[in-house]
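A.B. asks: sequence below, structure please.
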Amino acid sequence: MIKNAYIKNARFDGIKTFIRICVLLMVIFLIIPLIPNNIENFGALSLVPALFLVVYIFKTKRILEALILSSLMGFVLVYKEDFFTHFTDSITNVLLNEDIAWLIIVCGLMGSIISLIERAGGAQAFGAWVSKRAKSKKSALIWTWILGTIIFVDDYLNSLTVGSCMSPVTDKHKVSREYLSYIVDSTAAPICVLIPVSTWAIFCSKLLEVNGWAPAGEGVLYFIKTIPFNFYGWFGAIIVPLVILGVIPIFGPMKKAEERAQKTGILAPPGSEKIDMKSGEKFNIPENANVANFFLPIIVLIVSTLFFKVDMLKGVIFTVAFMYFYFVGRKVMTADEFADICVHGIKNMILPLVLIVLAFLFAQANEQIGFTEYVIASASKYMTPKLMPLILFLILGLTEFITGTSWGMFVIAFPIVIPLSMAIGANTALCVSAIMSAGVFGAHICFYSDATILSSSASGCNNFDHAMTQAPFGFLAAGLSAICYLIAGFIF
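C.D. replies: All right, here's what the predicted structure looks like:
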């Protein structure tokens, strides 16, 4: 009965959804004559697509529809009756964007790498290896946290690797997939933002140089100055082992998820099979599979990414080539099998990638209506040198929750905040760290951010439920961070 209740809650009413969309489109067309022609006069109107998105997601839990409809609203505000042409053009532009192309190749090939490790028996051998050392639920979760902190090169690499490899281990101890997703997500971006040798560090360092705070070639040195003040990164990562060890009790929706897993054996919430990157995989595992089939590809991936100056694209391509010679050469699989499994792994990443592409489309719509600029301009009225770090963290955390693209928010916020902090005499390192912490925090509680989607996909958890169960712990870390930014603003 309990199991059927969980399944029933996941049913989708297509007729109601169709009616909602038709009503929304009618309202949009009726208000077109009332929309100002000048984007600078939008004011609070630029908040409408974001507010609609949040309400629609909470009401329906249909994230794909919410992103599409909210994006359409943004384009209607800017282009009026000609919105459809610009909407379709923007879809093409997003897909042609260099960052999206990078994302599709990297995430697609990461899906291939994980499927190849699974077929080679590496994941099974690794699970058996960890199980000998993780004989309890707590130790299995601690191992998950440790693995997450070790793979610090990139948050995508971290989430996709740790989630997919540790789920078989945590499943044996009836750990809910929401709990696993929380640990995976909290050891990805929060760790990367604290490490000067990561894709986050390279990206942010370049922005610091471009926007005039760091001299050319010294971006990494200035990034290091922000590390002590990246409070959300520190709290986000440290709270995880405290929760695992019971120092901080499990509370909120996460507690219900754990009760479901322990009492019913249902580890994943309804709808998780749609986004699970390992859903439906059934490989013939070789009898001579060993743990090297897991560790060697992962080590090669990390080392090659670092070797190519933290270029994960080159790292994943090099790793796939290495795996071909390693697995086919040792007759673990045939060349035909290798190719088929690579394609299978890419297919498993389709839905997560579609969600991320739509999130970027929505972010582009928000950019055109000046959403982030309006929020920062509104908040800047209350900024003083002492309060600026706190205000930035809170306001940009909110905008990141809406837009869902951390790096996209950085590109917009850094050129505004860095000159402003210098002009009013605020501590620039503290303000920059507040922006980065806000990016991590907002992405953590966002339903459709790349961090949420990839962590939930790798862990086999519905991304809506992952965001809902993780949010209370995210708000706990954010509350502690806000206190620290308030104190630091007065001290520094």
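A.B. asks: residue boundaries of the helices in the stretch 351-492 of the chain?
C.D. replies: If DSSP state H, counting those that start in this stretch is used as the criterion, the helices of the stretch 351-492 of the chain fall at 371-380, 388-403, 406-424, 428-445, 450-459, 463-491.
A.B. asks: now, of those helices, which is deepest in the fold?
C.D. replies: helix 450-459 (a mean of 31; mean count of other CB atoms under 10 Å). The C-beta positions use only the backbone N, C-alpha and C, and glycine is treated the same way.
A.B. asks: what pLDDT, on average, does that helix get?
C.D. replies: The average pLDDT for helix 450-459 rounds to 89.
A.B. asks: may I have that helix as PDB, with CA atoms only?
C.D. replies: What follows is helix 450-459, C-alpha atoms only, in PDB (Å, rounded to 0.1, in the frame of the first residue of the first chain):
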ATOM      1  CA  ASP A 450      23.600  22.000 -13.600                       C
ATOM      2  CA  ALA A 451      24.800  21.000 -10.100                       C
ATOM      3  CA  THR A 452      21.300  19.700  -9.100                       C
ATOM      4  CA  ILE A 453      20.700  17.900 -12.300                       C
ATOM      5  CA  LEU A 454      24.000  16.100 -12.600                       C
ATOM      6  CA  SER A 455      24.200  15.100  -8.900                       C
ATOM      7  CA  SER A 456      20.600  13.700  -9.000                       C
ATOM      8  CA  SER A 457      21.200  12.000 -12.400                       C
ATOM      9  CA  ALA A 458      24.300  10.300 -11.200                       C
ATOM     10  CA  SER A 459      22.700   9.300  -7.900                       C
END
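A.B. asks: show the model's pLDDT score for residue 279.
C.D. replies: Residue 279 is given a pLDDT of 61.
A.B. asks: ok so, going back, tell me which of the helices of the stretch 351-492 of the chain lies nearest to residue 251.
C.D. replies: Shortest distance between residue 251 and the helices of the stretch 351-492 of the chain, using CB to CB, is found for helix 463-491: 6.2 Å.
A.B. asks: quick one, what contacts the closest residue to residue 335 other than its chain neighbours?
C.D. replies: Once flanking residues are discounted, residue 335 sits nearest to residue 328: 5.4 Å by CB to CB, 6 or more residues apart in numbering. Shown in contact with residue 328 (CB atoms under 8 Å, 6 or more residues apart in numbering): 334-335, 338.
A.B. asks: if we can go back for a sec, make TSV from the helices of the stretch 351-492 of the chain and add distance to residue 194 to it.
C.D. replies: What follows is those, written out as TSV (distance: least, CB to CB, whole Å):
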stretch	distance to residue 194
helix 371-380	25
helix 388-403	16
helix 406-424	15
helix 428-445	10
helix 450-459	15
helix 463-491	13
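A.B. asks: for residue 141, which of those is the nearest?
C.D. replies: Residue 141 lies closest to helix 450-459 among these, at 12.4 Å (CB to CB).
A.B. asks: what angle do the closest one and helix 428-445 make?
C.D. replies: Our comparison of helix 450-459 with helix 428-445, counting by axes from the mean of the first three to the mean of the last three CA atoms, to 10 degrees, yields an angle of 40 degrees.
A.B. asks: residue 37 in helix, strand or coil?
C.D. replies: Classification of residue 37 using DSSP: H, G, I helix; E, B strand; the rest coil returns coil.
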